[in-house]
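> The sequence and its predicted three-dimensional model are supplied below.
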Amino acid sequence: MSSPRAVPDGTRAPERVFPPSLATTDERGEHLRVAERPAPSPSAIAGLETIFPQIGEYAFLSDCEVTCLVAPTGAVEWLCVPRPHDPSVFGTILDRAAGSFRFGPEDSAVPAHRQYVPRTMALATTWQTRSGWLLVTDFLAVGPWYRGGARSERHRRPPGDADARHVLVREATCLHGSVDIVLRCEPSFDYGRDDAVWAYVGTGYDHVQTTNEGRPHLRLRGDLRMGLEGRAVQARHRLSEGESVYVALGWGECELPGDLAEAARWRAETNRFWRGWIDRGRFPDHPWRERVQRSALTLKGLTYVPTGALLAASTTSLPEHPGGGRNWDYRFTWVRDSAFTLWALHALGFDTEADDFLAFLADVTEPLGDGRRAGHPRERLKVLYPVDGSAPPPEEELTHLSGYAGSRPVRIGNGAVGQDQFDILGAIVDCVFQHTKSRDSLSERAWRIVVDVVETTLECWRHPDHSIWEARGEPRHFTISKVMCWAAADRGARLAALRGEADRARRWWEAAREIHEDVCANGVRADGCFTQAYGCQELDASLLLLPLIRFLPADDPRIRATVLGIADELADGAFVYRYRTETQVDGIDGEPEASFSVCSFWLVSALVEIGELEAARANCERLIGAASPLGLFGEELDPATMRHLGNFPQALTHLSLINAVLHVIEAEQRASPGVAEQAGSPNWWHAAGKDDRPNTAA
């Protein structure tokens, strides 16, 4: 992948390299606002792609409450506080004038090496300069519970032993020679609409804070002499070999580290937190182990610990096609994505996260006796929620932002919240079912969710919807939605039987049979392939889930035909497209998109299921090799350029990677004589048909 463009002095100066037609400042240096920002031309978009770092080159940091993205230049280009869906403080990833925070060498913008500190979410970047070598370590601090006897207003789940400090810490150490380092911190609140106003704290130059009324209160402290220049805090210092400095940016109640030794202690505590978490998991003894661990850490980093919710992705409006309009806000918890993700975490032994998510789901959906959530379950159950469980915001466009590489519109909020997506019903019930198997218990709270969801399923499964891909066209009878409605009734019947509720189990079981027969009668074309929707001939990569959820046995000719048909019609080698966008089923006027990474990993798992292990292994190797330099995946990949596209990093992709890798490893072990122990099993897909009840798929 190409590196970000550097200007002659080695630092990034976006205003000086923008094409004139897209300049973000006028001749007085004032930021252009909404009406003054011209629409980019195709040639300008091509030029912008050399200015913005490639999406896959960003590093992802988390403290399990907020996340941020760090560009290869050492600039933090995305940070929203105090919650992930709040307006950005640093938003340069969406507009080169929307605020950033650079800390690194003065005369170099291209690092020699970047990696995560092993088994952590701390980023270590090594720089070679003309006069020496520099190491910069970045992390969002997590430490022991520090609140004393005061309760947190954010935490709805029982607090653990650790808590986010709401501080970004950056340390720099000269490894050899001498290095001139620079600090430039220039927040711009409300997605770049309100530049920071700074003031000194105390009598020295080492502590400053913002004074913007009604905005997050930022504090910046370190062992550098800081100067205030407009919205920017700047500092410059020469480090000699063995010397270190630090800077810490905070937005919460926690005091900032007062010196370098305290910052180093915070780093050790943060690393202990991440390593302690990853050590709880069950990982295969395999060359792909590190990839699985990085995906698991990424999923954990996308959780919001105070409530148990899980972000679909860290960002908004990163394009699925450069210069296009497929730009959506993913900074929310999608019920479907969260349920799928927790299945993957179950497979690795991380059951606590499943406990917390089910509690969050109950918080936002269960009927309460005081009438606070009166109404039909279908009205209470939304497709997505903010991570704090508040009401989802409306979708709107930020016309003052240029967008990543000129990709507009930039959206906040997500209009999918008002859609009917009936596939989420099956995801929820199967999630509870797998959690019940893992915990060997079913709480009354979880059972109420199941009853609500299954009864809703029986009422609505015959209706059209917008389905898993959130199509913005007319509702249709999507096959995957019907299949997941079957899963809701099927798993619900099994849970009812476990509780001894025979009549309810029988009624739900019969409904599952009816749905199953309807799908097989209306969702299959002449060659035996399941189709995207009733009455059409197109395929859809979501149908790769059919063998994984045991809708039919893997050796059923219709399953094999569907998997191989998708591999032939929707795949470019290992890279799978969701569907053919030229059919305009999504209501986006046939605008192109890249391959969808979750579908590519689903194909690996499905190939294993139908016995095509060699093809599955080859595809898996190709996909793993396409990971970003830091082992991360966005929503999509361009097979021609291997560029990551869409919001980044995406939870759904990382969970599908975990499942695919475990599928391949487990199949290889079964095929190898003398293997005494499995490397771990994605058993969350293997529930249907594994107990002593008859299968509705039979």
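Nice, I can see it. What you are looking at is a predicted structure, and each value in this text was computed from that prediction instead of being measured. Residues are numbered from 1 along each chain as shown.
> Please count neighbours and contacts with C-alpha atoms only from this point.
Will do.
> Now do stretch 74-83: distance from first to last residue.
By CA to CA, to the nearest Å, the extent of stretch 74-83 from end to end equals 23 Å.
> what mean pLDDT would you report for that stretch?
The average pLDDT for stretch 74-83 rounds to 97.
> quick one: it to chain centroid distance?
Taking CA atoms, centre = their mean, to the nearest Å, one finds stretch 74-83 lying 15 Å from the centre of the chain it belongs to.
> Same question for stretch 661-675.
For stretch 661-675, the distance to the chain centre is 29 Å (CA atoms, centre = their mean).
> Show me what counts as buried in that stretch.
V661, L662, H663, V664, I665, E666, A667, E668 (16 or more other CA atoms under 10 Å).
> Also stretch 453-472?
Here stretch 453-472 shows 453-458, 460-461, 464-468, 470-471 as buried, counting by 16+ other CA under 10 Å.
> and the residues you listed, which two are the farthest apart?
E455 and A471 (24.8 Å; CA to CA).
> quick one: which of the buried residues of stretch 453-472 sit in helices?
Secondary structure defined by DSSP state H assigns V453, V454, E455, T456, T457, L458, C460 of the buried residues of stretch 453-472 to helices.
> can you put these in CSV and add pLDDT and distance to I515?
Converted to CSV, these look like this (pLDDT from 0 to 100; distance: CA to CA, whole Å):
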residue, pLDDT, distance to I515
V453, 94, 16
V454, 97, 13
E455, 95, 14
T456, 94, 14
T457, 96, 10
L458, 97, 9
C460, 95, 11
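> any idea where the helices of the stretch 101-250 of the chain begin and end?
189-192 (DSSP state H, counting those that start in this stretch).
> Kindly apply the preceding question to the stretch 351-500 of the chain instead.
351-365, 377-380, 423-439, 444-460, 479-498.
> Give me the packing partners of the third one, helices and strands only.
Helix 423-439 sits against helix 335-348, helix 351-365, helix 444-460, helix 479-498, with contacts defined as 3 or more CA pairs under 8 Å, 6 or more residues apart in numbering; DSSP states H and E.
> could the ones you listed be laid out in a markdown table, adding distance to T303?
Below are the helices and strands packed on helix 423-439 laid out as a markdown table (distance: least, CA to CA, whole Å):
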| stretch | distance to T303 |
| --- | --- |
| helix 335-348 | 9 |
| helix 351-365 | 8 |
| helix 444-460 | 20 |
| helix 479-498 | 25 |
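> can you tell which of these is closest to Q421?
helix 479-498 (7.3 Å).
> and stretch 541-557, what's its mean pLDDT?
So the average pLDDT for stretch 541-557 ends up being 97.
> Just the endpoints, please. Distance across it?
17 Å.
> got it, and stretch 219-230?
Stretch 219-230 has an end-to-end distance of 16 Å (CA to CA).
> Who is A124 paired with across the strands?
Q115, T137 (DSSP bridges).
> Return the list of helices and strands in contact with the top strand by length along the chain.
Longest strand of the chain, by residue count under DSSP state E: strand 162-186. With contacts taken as 3+ CA pairs under 8 Å, 6+ apart, strand 162-186 sits against strand 100-105, strand 132-144, strand 232-240, strand 244-250, helix 260-278.
> Could you pull up the mean pLDDT of the fourth one?
By that I understand strand 244-250. The average pLDDT within strand 244-250 is 98.
> what does that strand rub up against?
Strand 244-250 is contacted from outside by 166-174, 218-224, 256-257, 259-260, 263, using CA atoms under 8 Å, 6 or more residues apart in numbering.
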